[in-house]
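Peer 1: Sharing a model that was predicted from the sequence below.
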Amino acid sequence: MSALQIRQVLCHEDNYAVIVHDPESGETLVVDTPQAAPIREALEAEGWRLTHILNTHHHHDHVEGNAELKELYGAKVHGPAHDKNRIPGLDAALRDGDGVSLGAHRIDVIAVPGHTLGSLAYFICGENILFAGDTLFSLGCGRMFEGGAEQMWHSLDLLRHLPEDTRMYCGHEYTLSNAAFALSVEPGNAALQKRAEEVRKLREKGEPTLPVTMAEEKATNPFLRPESEEIRKSLGLHALENWRVFGELRQMKDNFKA
């Protein structure tokens, strides 16, 4: 199979859409559609025709461009069955364990409830590429708008057990602000210190901080590290289950001022 070609497209101020093109079949998908115009411009610059839209969840800043892009290209819209009435132009309602094809490439559908109850992640098999939406960010995770801490932790735990060389893309460029919180709860983490400095330099140059490998996230992202003794000491929690430590971290982040 030919290697997939990937373009990350900035929309609004900090949203990302990710375009994936299979040169062998000519098929092209986009994960989330925060804005139609930048996605259309990127497609036209490459000479690609959009065939698939994959939505990770129903929030407006992830589905806003569905209708326009579907009308322009006739692309088939895929999204969570749980939110079938909240995904504009939905053609294929997806559930955990389903698959989507891009040419000869299989994309596994992983249910990751917590940020929203219908949230989905997409994993390109064989390529080890993850599209996490707003469930997992680099050095952070999404707010729990609809789910609870135990449910959200289960979703994150699923993702952190993907292969370590998995390249993760997410829905927003939040890494720099996430780094400030991460350092506040695990300041002694040398890998985190290094990652934070890399992120600072990338953002100073206006460059994206994504994708990032799952190995890097497991070493630096506090929301994937509830076992960390330093984090538990920072929180004053020692014998609690991982999901409870995660829940405390998420509550702290909700109220964090850098």
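Peer 2: Happy to help now that I have it. Residues are numbered from 1 along each chain as shown.
Peer 1: Any buried residues in the lowest-mean-pLDDT helix or strand in the chain, and which?
Peer 2: Least confident element among the helices and strands of the chain, by mean pLDDT, DSSP states H and E: helix 229-235 (a mean of 94). Along helix 229-235, the positions that meet the burial threshold by neighbour count (16 or more other CB atoms under 10 Å) are Ile231, Arg232, Ser234, Leu235. In short, each C-beta sits where N, CA and C put it, glycine included.
Peer 1: How about the contacts made by the last one?
Peer 2: Spelled out, it's Leu235. Leu235 is in contact with Val185, Val245, Glu248, Leu249, Met252, counting by CB atoms under 8 Å, 6 or more residues apart in numbering.
Peer 1: Against Pro226, how distant is it?
Peer 2: Between Leu235 and Pro226 the distance, using CB to CB, to the nearest Å, works out to 9 Å.
Peer 1: Residues that sit against both of the two, list them.
Peer 2: Listed contacts common to Leu235 and Pro226 are Val245, Leu249; contacts here mean CB under 8 Å, 6+ apart.
Peer 1: Let me know the closest of the contacts of Leu235 to Asn66.
Peer 2: When the contacts of Leu235 are ranked by distance to Asn66 (CB to CB), Leu249 comes first, at 33.1 Å.
Peer 1: give me the element that closest one is part of.
Peer 2: In this assignment (DSSP states H and E), Leu249 forms part of helix 242-254.
Peer 1: Off-centre distance for that helix?
Peer 2: 19 Å (CA atoms, centre = their mean, to the nearest Å).
Peer 1: ok, now stretch 66-76?
Peer 2: Between the centre of stretch 66-76 and the centre of its chain there are 22 Å (CA atoms, centre = their mean).
Peer 1: Who does His105 form a beta bridge with?
Peer 2: Applying DSSP bridges to His105 yields these beta-bridge partners: Leu102.
Peer 1: now it: how far from Gln5?
Peer 2: Remark: distance between His105 and Gln5 (CB to CB) = 12 Å.
Peer 1: and what of Asp32?
Peer 2: Remark: distance between Asp32 and Gln5 (CB to CB) = 18 Å.
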